[in-house]
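1. sharing a model that was predicted from the sequence below.
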Amino acid sequence: MEYILETKEKFNLDQLRCAIDEIDNNILELINKRLSLGKHIGDVKKEKGTKVLDRNREKEVLQRLCALNNGPATDDLVRYLFNVIMTATKEIQKAKIIAFPGPEAGDAHIAALNIFSHSGTFVLQPTIRDVFRGVDKKESRYGVVPVENSIEGAISNTLDLFSEFNLNIIAEYYDQISCDLLSITGNITDVKKIYALPQSIARCRGWLGNKMQGVDIIEIGTSAAAARIAVEDPSVAVIATGRSAHIYGLQEIESKIEDHMGNVTRFLVIGNEKMHPSGCDKTSIVFVTSHTPGALLMALEPVKKAGLNMVKLESRPTRHQNWSYYFFMDIEGHILDSRVSDALEGMKKHCLFLKHLGSYPAFYNEKNVHGG
Ligand SMILES: C=C(O[C@@H]1C=C(C(=O)O)C=C[C@H]1O)C(=O)O
């Protein structure tokens, strides 16, 4: 590669691209080395209690590099590129704390682990409100909250909290929660008692009646409590999602024991940041119309005119005034797309209140959405 740069000889496209590939490999390796060093610096800062951002050091870094620069890169380009690299270096130093509503190893915990591929610090909060509060106070960077279940419907608590806190939706995730039978031995013939949440017992009544005759079925408040008993006693099994088996240290006896399949929960990731367009996004808003005939129809007119696809419309009492409602709406598209922003501006003229809750990548996975 050095040879190509130094000689006047002509090279073909493949040879030149090959040389570029070699440089890219080196750049990538060096960026990863730099990020790893950044992580070490982050640990030192954590010990000393100093901040991640150090503007003076960043200034020095940029000045030094611009002084070294011999072109053809301009100093502006050097500053731009290294600002991006330094942003990534700061990101890696920040602990990624992800809050979820309990119980431990419950549906929201499992969803959070899947969404973030197990990378981060996962913090249990007693309630969905505590998840919102923690993210709002920046104690955690992200929160994972359930918003809708294909059997139970909307999780109204979550919807209400969106009008109370000014947080952004930054992702959505659909998860099929299956009921599985777990025990310490993984052997069905050992089972004499089954501990489970009342709703899990209700979901699996048919299977339990068929396959577990003579076995005691005992209601318990949390799956974690049931698991703690099962870990100590080989005659005890629990109904929980098989994906939590490794968290509890249990083994799967039988999977998908529920009578009706397709129990899918939609989760939202909330945070203080805004997402860039991904090319396939959803925009969520909440609005209140005046209490007059046809107000909702008028408010929706700009969405229809813009040809935007509305994928959800849900109402909740405002609780400020009887019979007035918050409408939660999801449309396809990103707020930075003028068709979406213009439609929302148009809607505002017919609304008493309208708030953008976030534009985020749509989770279009047929298998997950439809529970297949
Ligand atoms: C890596 C550090 O943390 C941050 C990142 C920097 C970088 O990427 O060079 C510089 C200063 C800090 O804002 C550091 O303090 O050295």
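-> Nice, thanks for sending it over. These numbers were taken from a predicted model, which means no experiment stands behind them.
2. in contact with whichever residue of the stretch 201-350 of the chain sits closest to the ligand, which residues?
-> Of all residues in the stretch 201-350 of the chain, residue 273 sits closest to the ligand, at 18.1 Å by Cβ to the nearest ligand atom. From N, CA and C alone the C-beta is placed, and that goes for glycine too. Taking Cβ atoms under 8 Å, 6 or more residues apart in numbering, we find residue 273 in contact with 168, 170.
3. what helix or strand is it on?
-> Under the criterion DSSP states H and E, no helix or strand holds residue 273.
4. let me know the secondary structure of residue 124.
-> strand (DSSP: H, G, I helix; E, B strand; the rest coil).
5. ok, the longest strand along the chain: who's next to it in the sheet?
-> Counting by DSSP state E, the longest strand found in the chain is strand 351-361. Applying DSSP bridges, strand 351-361 is found paired with strand 281-289 (antiparallel).
6. what's next to the partner strand, contact-wise?
-> Here strand 281-289 makes contact (Cβ under 8 Å, 6+ apart) with 159, 162-163, 169, 172, 275, 295-296, 298-299, 311, 318, 324-335, 340, 344, 347, 350-362.
7. quick one: buried residues of the lengthiest helix in the chain?
-> Longest helix in the chain, counting residues (DSSP state H): helix 13-48. Neighbour-count burial for helix 13-48 flags 19, 38, 41, 42 (criterion: 16 or more other Cβ atoms under 10 Å).
8. tell me what it is packed against?
-> Under the contact criterion of 3 or more Cβ pairs under 8 Å, 6 or more residues apart in numbering; DSSP states H and E, helix 13-48 touches helix 2-6, helix 75-93.
9. now do the buried residues in the last one.
-> Right, helix 75-93. 78, 79, 82, 86, 89, 90, 92, 93.
10. pretty sure the fourth one contacts residue 57?
-> I take that to be residue 86. No. At 9.2 Å, residue 86 and residue 57 do not qualify as touching, with contact defined as Cβ atoms under 8 Å.
11. SS state for the closest residue to residue 328 other than its chain neighbours?
-> With Cβ to Cβ, 6 or more residues apart in numbering as the criterion, residue 328 has its nearest non-adjacent residue at 4.4 Å, and that residue is residue 314. Secondary structure assignment for residue 314 (three-state DSSP): strand.
12. gap between residue 314 and residue 217?
-> 35 Å (Cβ to Cβ, to the nearest Å).
13. kindly report the same for residue 9.
-> From residue 9 to residue 217 the distance is 81 Å (Cβ to Cβ).
14. who has more neighbours out of those two?
-> Each of residue 9 and residue 217 has its neighbours counted (other Cβ atoms under 10 Å); residue 217 has more, 15 against 8.
15. which neighbours in the sheet does the host helix or strand of the more buried one have, and how are they oriented?
-> For residue 217, the host element (DSSP H and E) is strand 216-219. Under the criterion DSSP bridges, strand 216-219 sits next to strand 193-196 (parallel) in its sheet.
16. quick check: next helix or strand after the partner strand?
-> Per DSSP H and E, the first helix or strand lying C-terminal to strand 193-196 is helix 198-203.
17. show me how far the helix or strand following that next one is from its chain's centre.
-> For helix 198-203, the succeeding helix or strand toward the C-terminus, using DSSP H and E, is helix 205-211. Relative to its chain's centre, helix 205-211 lies at 35 Å (Cα atoms, centre = their mean, to the nearest Å).
18. list the contacts for the residue nearest to residue 328?
-> Listed by Cβ under 8 Å, 6+ apart, the contact set of residue 314 reads 154, 159, 327, 328, 329.
19. hmm, back to that, near the ligand, which of the buried residues of helix 75-93 show up?
-> For the ligand, the contacts drawn from the buried residues of helix 75-93 by Cβ under 6 Å from any ligand atom are 86, 89, 90.
20. average pLDDT for stretch 313-330, rounded please.
-> Stretch 313-330 carries an average pLDDT of 85.
21. in that stretch, which residues are buried?
-> Neighbour-count burial for stretch 313-330, counted by 16+ other Cβ under 10 Å, picks out 314, 316, 318, 325, 326, 327, 328, 329, 330.
22. so which two of those residues are the farthest from each other?
-> Farthest apart among the buried residues of stretch 313-330 by Cβ to Cβ are 318 and 330. That separation is 19.3 Å.
23. the buried residues of stretch 313-330 in helices, which ones?
-> Going by DSSP H, the helices hold none of the buried residues of stretch 313-330.
24. can you report how many residues neighbour the closest residue to the ligand within the stretch 101-250 of the chain?
-> The stretch 101-250 of the chain approaches the ligand most closely through residue 141 (17.3 Å), counting by Cβ to the nearest ligand atom. Neighbour count for residue 141, taken as other Cβ under 10 Å: 18.
25. quick one, phi/psi of it?
-> Residue 141 adopts backbone torsions of phi -80, psi -40, taken as degrees, to the nearest 10.
26. which pLDDT value goes with it?
-> Per-residue pLDDT puts residue 141 at 92.
27. returning to what we had before: want to throw the contacts of residue 314 into CSV with distance to residue 13?
-> Shown next, in CSV, are those (distance: Cβ to Cβ, whole Å):
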residue, distance to residue 13
154, 56
159, 56
327, 56
328, 53
329, 51
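28. let me have those residues in TSV, extended by distance to the ligand.
-> Formatted as TSV, the contacts of residue 314 follow (distance: Cβ to the nearest ligand atom, whole Å):
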residue	distance to the ligand
154	43
159	38
327	43
328	39
329	40
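29. narrow the residues you listed to those in strands?
-> Using DSSP E, those in strands are 154, 327, 328, 329.
30. ok, the second one - contacts?
-> If you count contacts by Cβ under 8 Å, 6+ apart, residue 327 has them with 286, 287, 288, 289, 296, 299, 313, 314, 315.
31. please name the bridge partners of it.
-> Beta-bridge pairing for residue 327 (DSSP bridges): residue 287, residue 315.
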